[in-house]
Every structure is written in structure tokens, then in C-alpha cells.
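Undergrad: Here is my input, please return the structure:
(chains A and B)
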Amino acid sequence: MASAMVALATTTLGSTASSVTFGSIPATYRDLRLVVDVINTSSSNQTNIQLNADTGANYYRVIMASQAATGATTTAASGTSIVCMGWSAPENTVRTIMTADFLDASATDKHKHLLLRSAHTNEVDSVAARWASTSAITSIKLYPDSSTFAAGSTFSLYGIVSA
Amino acid sequence: MALTLISTVTVGSGGAASIDFNSISGSFTDLLMVYSIRASSTNGGLRIKVNGSTSNLSTRLLYGTGASVSPATDTTYIGTSNNSNQTASVFGNGNFYISNYAGSNAKSFTVDMVDENNAATPVNEWITGGRFNSSTAITSLSLFNDASANFAQYSTATLYGITKGSSGGVTVS
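TA: I've put the predicted structure just below:
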């Protein structure tokens, strides 16, 4: 029986990196799941996602967060990327885990929706986002606002096959 | 195979004080536990143990009740399952994901869960982030009730191993 979930690519950083990009993603998979376990090398860093090298203002997101200092908060906005981790309490050199589901990633008749969960010791975030493009997702880039991802950070991409 | 079924536990008649996954192999990358639980008491609070202990655990929670949303912090509390006061035959569902569980760094996890009810309240949706602050590999996971009550018959939990890898073609830069 073929697996419905396929490991597509993975990397563990041997040294710091300013970004990580998964490219040449095939249209074989209906959905994608990204699992990230990172540390940023400096404080005050949000982590962002861009798709298909699109740097335009084509991203919309709603964030709900529980943060140590300010409690429960939420916001909706658009921009040139999706803030996926550390929205109100940036990671500040602590380990952060994120799981992100890209729904109907290979579809060419709809915008793309993402559902993300991320957490570190000072914050837990739930993000619902939309990339306003009908293109199939062929690349996913993650990058911190400034500085770099630390060595030892891991990034893994999985494909989910539809029936 | 990226997703491997490790084990399923189903609570039998008489209930169970906990649901335990022991002797977890270190051969996977991450773990995913999916569960459907009802408490045999009016307290549906759900807690977790790692390697048989409640030590070195911390959680940060965000929950909505349908009337309000609130933050919380704890050590082992991860949310609420359905309880005996809520609509019969309804079990709270959730999933627990932990990354790099067998590594030598502190381990982070996320939890999504919900308890549901025919009445407008009480119902709760939880989003939880947590950390097992230990360099020790995780070899067991246990779910137990906040009030030390039993889980009701038909409560279930399934543990999956997630294995990273490459199928070829997708580049990483």
C-alpha cells in the first residue's frame, strides 16, 4: 500500500543560514506539511514565509497568540510575507517548533491557504493565512527578519497524496 | 514511509487511569499522537507525562470557550477532553506533535484539541505549545486526567512516528 504521506526533503543546518528554501516542489501532492524546529541567532526575530519567490503584497493572515507579557491577542493584516513564528514575542534565541499545512498546494484554480501552529516558551501562535495566487506552490522560503537561523535548526517537508 | 503507525490504545470497560505509550523506538524523527478522550468525572482536564515523569515540562495555552478567549500557562496541562457533564457519547479530540523527540536538545511540542457539547457551553478549543526541557530522548508518553479520574471506555489514542527524508527532486537551499 502506497503511503499517503511522503517525506520530500529535509535539512539540518550545519552552520547559520539567512534562509531555507524548498524548491522544485512537484505538483504530485495535494497538500504539503512543513515541520520546523529552529533557533534564531539573535533576539527580536520574527520568521516569515514566502511562496514561489513572490515578494509582492500578496499575503493575508490572521494570527491568534498567547504571549507571556500580553496574554491573548489577535490581529489580521496583509503584507509581503506570512509571519509564521514569534509574532508578538519573537523567538529571542529559544527553540521554536512550527507545523504548517499548505492546503491544495498543487491546485491552479484557487488561492492557497495555510494553517500554522508554532510555539516556544513565551508564546504559542495559531496562524491562518492566504497567498493570493492560483499558481501551484513550487517553492517555500523561510527567513528571519534579520540575523540567521542557528546551526542545528531542522526543516522537513512532506507531501500528502490525495485519493 | 514518512508516517508509521506505532500503537493504538483503546480504553476498555471499567475505564483507565492513563493512556501510556512505552518503549517508544528512537528510530523516527517526530511523534504524532492523535486521541479521542472522555473523562469519567466532571473535570476533563488533560495532562501529559514524559518518560514517566511530570518534571521538566512547561506549557503555554490559548483557549476559546465560545464566549471568550484566554491565555494560560502550566507545566503538564495541555487542554480539556470531554467530561461526564457534557453530551453523552461525545469525546474530545486532539493531536499532539513533538519534534526531534529522540535528540539531545530540549524538545518542543504543539497540541490542538477540543471538547464539544450540544449546549452552547461549556466547550473549549485549545492551542498549546510546550517544552520538555531535557536532553534525554523521549521513550514514553502518557496522558492522564487533571483530577486523577479515569478515562471512559472507548477513549482512544494512537501514536505515529514521522520520518524525515528525501524522495528526490525537491531541493533545499
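Undergrad: nearest spatial neighbour of residue B:63, skipping sequence neighbours?
TA: For residue B:63, the nearest residue in space outside its immediate sequence neighbours is residue B:126; the separation is 4.7 Å by Cβ to Cβ, 6 or more residues apart in numbering or on different chains. Where C-beta positions appear, they are placed from N, C-alpha and C, glycine not excepted.
Undergrad: now the one you found, which residues is it bridged with?
TA: Beta-bridge partners of residue B:126, counted by DSSP bridges, are residue B:63, residue B:113.
Undergrad: give me the number of residues near it?
TA: Residue B:126 is surrounded by 23 other residues when neighbours are defined as other Cβ atoms under 10 Å in any protein chain shown.
Undergrad: what do you get for residue B:24?
TA: 20.
Undergrad: Contact partners for it?
TA: By Cβ atoms under 8 Å, 6 or more residues apart in numbering or on different chains, residue B:24 lies in contact with B:6, B:31, B:101, B:138-141, B:159.
Undergrad: Residue A:81 now?
TA: Counting by Cβ under 8 Å, 6+ apart, residue A:81 touches A:48-50, A:55, A:59.
Undergrad: Same check on residue B:143?
TA: Applying Cβ under 8 Å, 6+ apart to residue B:143 gives the contacts B:18-19, B:33, B:35, B:37, B:46-48, B:151, B:157.
Undergrad: Close to chain A: what parts of chain B are there?
TA: Proximity of chain B to chain A is assessed by Cβ under 8 Å from any Cβ of the partner chain, with B:1-3, B:29-30, B:58, B:60-62, B:69-73, B:97-100, B:105-106, B:108-110, B:112, B:127-131, B:162-167, B:169-173 identified as the residues in range.
Undergrad: Hmm, residue B:58 is touching residue A:121, no?
TA: Yes. Here residue B:58 lies in contact with residue A:121, judged by Cβ atoms under 8 Å, at a distance of 6.4 Å.
Undergrad: For residue A:27, which non-adjacent residue is spatially closest?
TA: The spatially closest residue to residue A:27, leaving aside those adjacent along the chain, is residue A:106, at 4.1 Å (Cβ to Cβ, 6+ apart).
Undergrad: and that neighbour, which of the three is it?
TA: Reduced to three states with DSSP: H, G, I helix; E, B strand; the rest coil, the structure at residue A:106 is coil.
Undergrad: I'd like the distance from it to residue B:81, if you could.
TA: 36 Å (Cβ to Cβ, to the nearest Å).
Undergrad: Least confident secondary structure element in the chain?
TA: I'll assume chain A. Comparing every helix and strand of chain A by mean pLDDT, DSSP states H and E singles out strand A:71-79 as the least confident one, with a mean of 80.
Undergrad: what's the helix or strand following it in contact with?
TA: Secondary structure here is assigned by DSSP states H and E; on that basis, the next helix or strand after strand A:71-79 toward the C-terminus is strand A:82-85. Judged by Cβ under 8 Å, 6+ apart, the contacts made with strand A:82-85 from elsewhere in the structure are A:36, A:38, A:46-50, A:59, A:61, A:63, A:91, A:96, A:98, A:100, A:114, A:116, A:118, A:120, A:125, A:127, A:129, A:131, A:142.
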